[in-house]
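Asker: Next comes the sequence, and after it the predicted model I'd like to discuss.
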Amino acid sequence: MITALAATTLAAHAGPMGAGFGWLFFLIPLFWIALFVLIFGLFGRRFRRAAIERGGFGGWNHAGRSAEVTLAERFAQGDIDEKEYRARLEVLRANAYPQSPRS
């Protein structure tokens, strides 16, 4: 009699998902989504920081670009004349993207 009463009570309170695990249906996907967001956030941040320290993404040369900006600022302030500006800019651009030797 106690077994029948326990089975009836369990069946009455179980619901459509089984023995009371309906809330777990929502928590498991949320757990995995949160885990992936955490992993991608941490490793993505490390990748971005390492890429910036290496000099940028995909061959960006931040040092070369800042040298051109500095040169332009010196020209705008009148520290160097146009002839010197163009000569130095040509040297900067030639050294920023070296040509591979052709055979």
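Answerer: Noted; the coordinates are in hand.

Asker: ranges for the helices of the protein?
Answerer: Along the chain, counting by DSSP state H, helices occupy 2-14, 24-54, 62-77, 82-96.

Asker: Just send the ones you listed back as a markdown table, with mean pLDDT too.
Answerer: Converted to a markdown table, these look like this (pLDDT from 0 to 100):
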| stretch | mean pLDDT |
| --- | --- |
| helix 2-14 | 57 |
| helix 24-54 | 84 |
| helix 62-77 | 81 |
| helix 82-96 | 89 |
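
Asker: Dump those helices to CSV, plus mean neighbour count.
Answerer: All C-beta atoms are positioned from the backbone trio N, CA, C, and that covers glycine. As requested, the helices of the chain are arranged in CSV below (neighbours: other CB atoms under 10 Å):
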stretch, mean neighbour count
helix 2-14, 9
helix 24-54, 10
helix 62-77, 13
helix 82-96, 12
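
Asker: And the pLDDT for residue 97?
Answerer: According to the prediction, residue 97 has pLDDT 63.

Asker: Let me see the contact set for residue 40.
Answerer: Listed by CB atoms under 8 Å, 6 or more residues apart in numbering, residue 40 has no contact partners.

Asker: Quick check: it vs residue 31, distance?
Answerer: Going from residue 40 to residue 31 by CB to CB, to the nearest Å gives 15 Å.

Asker: what do you get for residue 93?
Answerer: Residue 93 is 52 Å from residue 31, where distance means CB to CB.

Asker: ok, now residue 49?
Answerer: 28 Å.

Asker: what do you get for residue 72?
Answerer: Distance from residue 72 to residue 31, by CB to CB: 53 Å.

Asker: Extract the C-alpha set from stretch 78-89 and format it as PDB.
Answerer: C-alpha atoms of stretch 78-89 as PDB (Å, rounded to 0.1, in the frame of the first residue of the first chain):
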ATOM      1  CA  GLY A  78      57.400  73.600 -39.600                       C
ATOM      2  CA  ASP A  79      60.300  71.600 -38.200                       C
ATOM      3  CA  ILE A  80      61.200  70.200 -41.600                       C
ATOM      4  CA  ASP A  81      60.600  71.500 -45.100                       C
ATOM      5  CA  GLU A  82      58.600  69.800 -47.900                       C
ATOM      6  CA  LYS A  83      61.700  68.300 -49.600                       C
ATOM      7  CA  GLU A  84      62.900  66.700 -46.400                       C
ATOM      8  CA  TYR A  85      59.400  65.500 -45.600                       C
ATOM      9  CA  ARG A  86      58.900  63.800 -48.900                       C
ATOM     10  CA  ALA A  87      62.400  62.200 -48.800                       C
ATOM     11  CA  ARG A  88      61.800  60.800 -45.300                       C
ATOM     12  CA  LEU A  89      58.300  59.600 -46.100                       C
END
